[in-house]
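[1] Below are the sequence and a predicted model for it; my questions follow.
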Amino acid sequence: MKVIGIVGGIGAGKTTVAANLMQLIPIEVIEADTIGHEVLLKGQAAYEPVLAAFGPSILDEQGEIVRKKLGAIVFSDPGKLQLLNEITHPIIQKEIERRIAWFKLAAPNHHILLEAALLIESGLIELVDTVIAVYADENIRVQRVMAREGIIDTAVRDRIKVQKQWESFEEAADFVVDNSISLDYTKQQLEEILKVYKT
């Protein structure tokens, strides 16, 4: 069993690459972003410290944290983004480590795919055996995120500015996938990677 990490900026297509890998090899997926959403729910580990740090303006009528409200605060202020990461990263990492250990017991013949936008920054890269970096042209990424999240061009570009730039992902990668062209081309690249990286 190997743990494969996927890195890349917002809108690059990490989820698309993960879905393709699931079709090509027996694999279990751990999505750090999904865990990040889960730990912010009321009663979960990150809820109270995030609420204490950012105040009740981030809540809805039911007292749940609204990620768009929180995102509007942190993606326009690198200091506040760093504060949010300092609160949530250790909690997310602990849960990822728990899930890796569980999959190693429950599905020892499968590989594990760790999908995390902040794989490098958070130190999660230490948990993986191989890193695949997903590339897409910035304008394509902006269009994808606008369509997916219903936010304006400048809001997406603000998010891109505070994330690691492509060179950092490329430097950390064992393999690179260009997800700008077509789904078929993305899958073809993954097939070539799997020929090199014996699974």
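    Cool, got the structure.
[2] now the protein, which segments are flagged as low pLDDT?
    Scanning the chain for pLDDT under 70 picks out 117, 197-199.
[3] measure the spatially most distant residue from the centre of the chain to residue 52 for me?
    Of all residues in the chain, residue 61 sits farthest from the chain's C-alpha centroid, using Cα atoms, centre = their mean; the distance is 28.1 Å. Remark: distance between residue 61 and residue 52 (Cβ to Cβ, to the nearest Å) = 20 Å. Yep, even glycine has a C-beta here, placed from its N, CA and C like the rest.
[4] Name the residues of stretch 1-19 that are buried.
    Neighbour-count burial for stretch 1-19 flags 3-14, 16-18 (criterion: 16 or more other Cβ atoms under 10 Å).
[5] all helices of this structure, in order?
    14-24, 32-38, 47-54, 67-74, 78-106, 138-149, 153-162, 166-172, 183-196 (DSSP state H).
[6] From the contact counts, what lies against the first one?
    By that I understand helix 14-24. Under the contact criterion of 3 or more Cβ pairs under 8 Å, 6 or more residues apart in numbering; DSSP states H and E, helix 14-24 touches strand 3-7, strand 27-31, strand 111-115, strand 130-135, helix 183-196.
[7] again with the second one
    Here helix 32-38 touches helix 78-106, strand 111-115, going by 3+ Cβ pairs under 8 Å, 6+ apart.
[8] Outside of that helix itself, list whatever touches it.
    By Cβ atoms under 8 Å, 6 or more residues apart in numbering, the list of residues contacting helix 32-38 from outside reads 44, 67, 88, 92, 95-96, 114-119, 122, 124.
[9] Looking at those residues, which is nearest residue 188?
    residue 115 (20.4 Å; Cβ to Cβ).
[10] picking up where we left off before, could the helices of the chain go into TSV alongside distance to residue 128?
    Below are the helices of the chain laid out as TSV (distance: least, Cβ to Cβ, whole Å):
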stretch	distance to residue 128
helix 14-24	13
helix 32-38	11
helix 47-54	26
helix 67-74	26
helix 78-106	9
helix 138-149	23
helix 153-162	23
helix 166-172	10
helix 183-196	14
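[11] Which one of the ones you listed lies nearest to residue 129?
    Per Cβ to Cβ, nearest to residue 129 of those: helix 78-106, 11.1 Å.
[12] from the chain's centre, how far out does the closest one sit?
    Between the centre of helix 78-106 and the centre of its chain there are 11 Å (Cα atoms, centre = their mean, to the nearest Å).
[13] Distance-wise, check residue 97 relative to residue 103.
    When distance is defined by Cβ to Cβ, residue 97 is 11 Å away from residue 103.
[14] Which of these two has more residues huddled nearby?
    For residue 97 and residue 103, the more surrounded residue by other Cβ atoms under 10 Å is residue 103, and the numbers stand at 19 against 13.
[15] List the contacts of that one.
    Applying Cβ under 8 Å, 6+ apart, we find residue 103 in contact with 1, 28, 30, 110, 112.
[16] The spatially closest residue to the second one that is not a sequence neighbour and residue 109: what is the separation?
    In space, residue 28 comes closest to residue 103 once its chain neighbours are excluded; the distance is 4.7 Å by Cβ to Cβ, 6 or more residues apart in numbering. In this structure, residue 103 lies at 11 Å from residue 109, with Cβ to Cβ as the measure.
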